[in-house]
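Undergrad: this one's structure only:
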């Protein structure tokens, strides 16, 4: 499976380490910054939320245009950015593409912000 | 305490909800996207990492310039962006400013990416 894009290296050293843990290498920081760039847009955040919260964790692209006053090509562009960042993956079935969040990617980010040493 | 900036509304509805949970309001997505914008730079990610990983969870600004080939004003700019996003807070003690990560902010982000429904 190499669909995870920017986040596919989840078994590499540094994967899932918290920010309070080992120091990040410059290349790891560069790669992670791209993931956050993908998340730094309100429409993309809401798309990721819609997909992750959808029944079965999967949403048809046909369900994703309604909530926004945006054209289908604009939604497609945002989905592409999320996909290239490894945050979602899509699968064509018949007429439509179905998207789901990539659990490894979200788990990595969740772990990054986990700060046991600071929550005491 | 109102030092948390963009993330100070941690008791608002929607705080700490996972992406797989309730749908985000447009204004919440807009506010969160600014936090991710602050994280979308490799130097800022490494600064946050250095601060959070520092002994006692606190780092003097004097410890934060050494690891980068950047001028002090550039580092100061990046620290300001992290502070304005509510990710770190600083306190002047004598000559130096000391920074620490804001635990509520990081916990909120950790919770955002927690996807229990998808990790089965």
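TA: The structure has been received and is ready for your questions. All values reported here derive from a predicted model rather than from experimental measurement.
Undergrad: give the contact list for the residue nearest in space to the middle of chain A.
TA: Centroid-nearest residue in chain A, with Cα atoms, centre = their mean: residue A:87, separated by 2.0 Å. Residues in contact with residue A:87 (Cβ atoms under 8 Å, 6 or more residues apart in numbering or on different chains) are A:7, A:35, A:38, A:39, A:48, A:101, A:102, A:105, A:106. C-betas here are computed from N, CA, C, even on glycine.
Undergrad: got any ranges where chain A has weak pLDDT?
TA: Where chain A drops to pLDDT under 70, the residues are A:1-15, A:116-120.
Undergrad: quick one: the helices in chain A?
TA: Counting by DSSP state H, chain A has helices at residues A:26-39, A:42-53, A:72-84, A:103-112.
Undergrad: now those in a markdown table, with mean neighbour count and distance to residue B:29?
TA: Shown next, in a markdown table, are the helices of chain A (neighbours: other Cβ atoms under 10 Å in any protein chain shown; distance: least, Cβ to Cβ, whole Å):
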| stretch | mean neighbour count | distance to residue B:29 |
| --- | --- | --- |
| helix A:26-39 | 20 | 10 |
| helix A:42-53 | 23 | 4 |
| helix A:72-84 | 16 | 12 |
| helix A:103-112 | 22 | 16 |
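Undergrad: export those to a markdown table and tack on distance to residue B:60?
TA: Listed next are the helices of chain A as a markdown table, based on distance: least, Cβ to Cβ, whole Å:
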| stretch | distance to residue B:60 |
| --- | --- |
| helix A:26-39 | 21 |
| helix A:42-53 | 34 |
| helix A:72-84 | 37 |
| helix A:103-112 | 24 |
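Undergrad: possible to save those as a markdown table with distance to chain B?
TA: Formatted as a markdown table, the helices of chain A follow (distance: least, Cβ to the nearest Cβ, whole Å):
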| stretch | distance to chain B |
| --- | --- |
| helix A:26-39 | 4 |
| helix A:42-53 | 4 |
| helix A:72-84 | 11 |
| helix A:103-112 | 4 |
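Undergrad: looking at these, which is closest to residue A:20?
TA: Closest of the helices of chain A to residue A:20 is helix A:103-112, at 9.7 Å (criterion: Cβ to Cβ).
Undergrad: packing partners for that closest one?
TA: Here helix A:103-112 touches helix A:26-39, helix B:103-112, going by 3 or more Cβ pairs under 8 Å, 6 or more residues apart in numbering or on different chains; DSSP states H and E.
Undergrad: export those to TSV and tack on distance to residue A:55?
TA: Listed next are those as TSV, based on distance: least, Cβ to Cβ, whole Å:
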stretch	distance to residue A:55
helix A:26-39	23
helix B:103-112	20
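Undergrad: nearest to residue A:66, of those helices?
TA: If we rank the helices and strands packed on helix A:103-112 by Cβ to Cβ, the stretch that ends up nearest is helix A:26-39, at 22.0 Å.
Undergrad: gap between that closest one and the chain center?
TA: In terms of Cα atoms, centre = their mean, to the nearest Å, the centre of helix A:26-39 is found 12 Å from the chain centre.
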